[in-house]
Every structure is written in structure tokens, then in C-alpha cells.
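J.: Sharing a model that was predicted from the sequence below.
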Amino acid sequence: MPTARLSHFETDASRARDVVALGQRIGTLTVGRVDASDMYRAGLVQIVSAMDHYFHGVVLDRAVDLMLGRLTSTSTSTKVGVSFDAVRQILATASLADQELAARTHVSQCLALETFQKPDDIGSALSIVGIPKLWSTVFGNDAGSTKLALGLIVTRRNRIVHQSDSDPLTPGMVTPLSDTDALGAIDTVTAIVRDIDAIL
């Protein structure tokens, strides 16, 4: 059964596709006047952001469920780093709804500075909330190639966001990105998230 977070991810993935489609349309309307590839870059950045948001939500949901005893884990590495003061505040709540809110608040604060984009970071985050050996469990013999494909997409996203997608071999030029490349990245990330969601 899909997690509650998957539908939000699908909406965000659709937005990424829409941005690429907008770039395709602008490219045909303004031939040579507007560089539509910036819309393709925006679509690629959007899908990685959507994935990061999805995994943050999954980790938050599972961490709160573990804290409040609604979920048990056989993993030995279940910790999210809430302080003793946070635990005291959670336990001192007057109702179950307040307890849920307090737990979500404190766990989300712990996760706020984390990014769940690189394959190993995703695997580590999910192992903390009771899902060990994520990549081999979900993708079996294809785990290595799946992690590599995702890693390349995230690396490209980071170059777009942090280096304006500058071509390292040609200073002053951007690295080319086609609509096909952007849509391929969106499809790859979407397939990975769906496959992982299926085992949660």
C-alpha cells in the first residue's frame, strides 16, 4: 500500500514535468531568443527537491511512529537525536494529539539540516527508522546501477544549484541539457521513489 507521502511526491514530479513542457513550448515559440534549457534545469532541480521532500516526510512519519510506540523496529541503529528536554516535553503533553504534534515538531527540527538526496544518505536515513539495507532490498542486483544513476542526477542538480551549471571544460559556458535529459532524470527519480515506497 503506498505511503501517504507518495501522492505528494507524484504531484511534485508532475510539476517538474510541467516545467520541462513549458520549456519545450517556449523553445518552439522563441526559437533562438530564449534558452529553454534553463527550464529543463529547473525541472531537474524540482524532481530532486521532490525526492528529498518525500524522504524527509517518510523519515519524519516513521520516526514519530517509533517514538510513540506505533511502530517497532528490529534495527539496532534507530535514533533521530532528540534531546532529553524534547523527550520531557513530548511526555508532558496533555493529549495524544499534543503528543503527536510535539513529537513531529522535535523530530522535524532534528531533520531540518539533513538532505536526503544522495543514495547513501537516503539509505542511512531509512535505516535509522527501521529499514536496513534499502538499496539491496529494493533493487537486488540492480542496486549499484540504480544508485549510480541517482547519484549522477543529484550531482548534476548540485552543479546547477551551486555552480550555475557551468561547463568545467569551457569557462563561461553552461553544460548543455536537453529536454530528453531532464525528462529522463525525472522518470528515473520517479521510478526509484515508487519502487522504494512499495516496500514501506
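T.: Yep, it's here.
J.: can you map out the helices along the chain?
T.: 4-29, 37-67, 84-91, 96-111, 119-128, 134-139, 143-163, 179-197 (DSSP state H).
J.: Quick check: which of those helices is buried the most?
T.: A comparison of the helices of the chain by mean neighbour count, using mean count of other CB atoms under 10 Å, puts helix 37-67 on top with a mean of 22. Placement of C-beta: from N, CA and C, glycine included.
J.: Which strands or helices does it pack on?
T.: helix 4-29, helix 96-111, helix 119-128, helix 143-163, helix 179-197 (3 or more CB pairs under 8 Å, 6 or more residues apart in numbering; DSSP states H and E).
J.: Can you lay out the helices of the chain as TSV showing mean pLDDT?
T.: Putting those into TSV (pLDDT from 0 to 100) gives the following:
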stretch	mean pLDDT
helix 4-29	94
helix 37-67	95
helix 84-91	75
helix 96-111	82
helix 119-128	94
helix 134-139	97
helix 143-163	97
helix 179-197	98
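J.: Nearest to Gly172, out of those helices?
T.: Minimum separation from Gly172 across the helices of the chain (CB to CB) falls at helix 143-163, 12.5 Å.
J.: Send me that closest one as PDB with only the CA atoms.
T.: Provided in PDB are the C-alpha atoms of helix 143-163 (Å, rounded to 0.1, in the frame of the first residue of the first chain):
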ATOM      1  CA  ALA A 143      21.300  -1.700  -6.600                       C
ATOM      2  CA  GLY A 144      24.700  -0.500  -7.800                       C
ATOM      3  CA  SER A 145      23.400   0.800 -11.200                       C
ATOM      4  CA  THR A 146      20.400   2.400  -9.600                       C
ATOM      5  CA  LYS A 147      22.500   4.200  -7.000                       C
ATOM      6  CA  LEU A 148      24.900   5.300  -9.800                       C
ATOM      7  CA  ALA A 149      22.000   6.700 -11.900                       C
ATOM      8  CA  LEU A 150      20.600   8.600  -9.000                       C
ATOM      9  CA  GLY A 151      24.000   9.800  -7.900                       C
ATOM     10  CA  LEU A 152      24.600  11.300 -11.400                       C
ATOM     11  CA  ILE A 153      21.300  13.100 -11.300                       C
ATOM     12  CA  VAL A 154      22.000  14.500  -7.900                       C
ATOM     13  CA  THR A 155      25.500  15.600  -8.900                       C
ATOM     14  CA  ARG A 156      24.000  17.400 -11.900                       C
ATOM     15  CA  ARG A 157      21.400  19.100  -9.700                       C
ATOM     16  CA  ASN A 158      24.200  20.300  -7.400                       C
ATOM     17  CA  ARG A 159      26.100  21.700 -10.300                       C
ATOM     18  CA  ILE A 160      23.000  23.600 -11.400                       C
ATOM     19  CA  VAL A 161      22.200  24.900  -8.000                       C
ATOM     20  CA  HIS A 162      25.700  25.700  -6.700                       C
ATOM     21  CA  GLN A 163      27.700  26.400  -9.900                       C
END
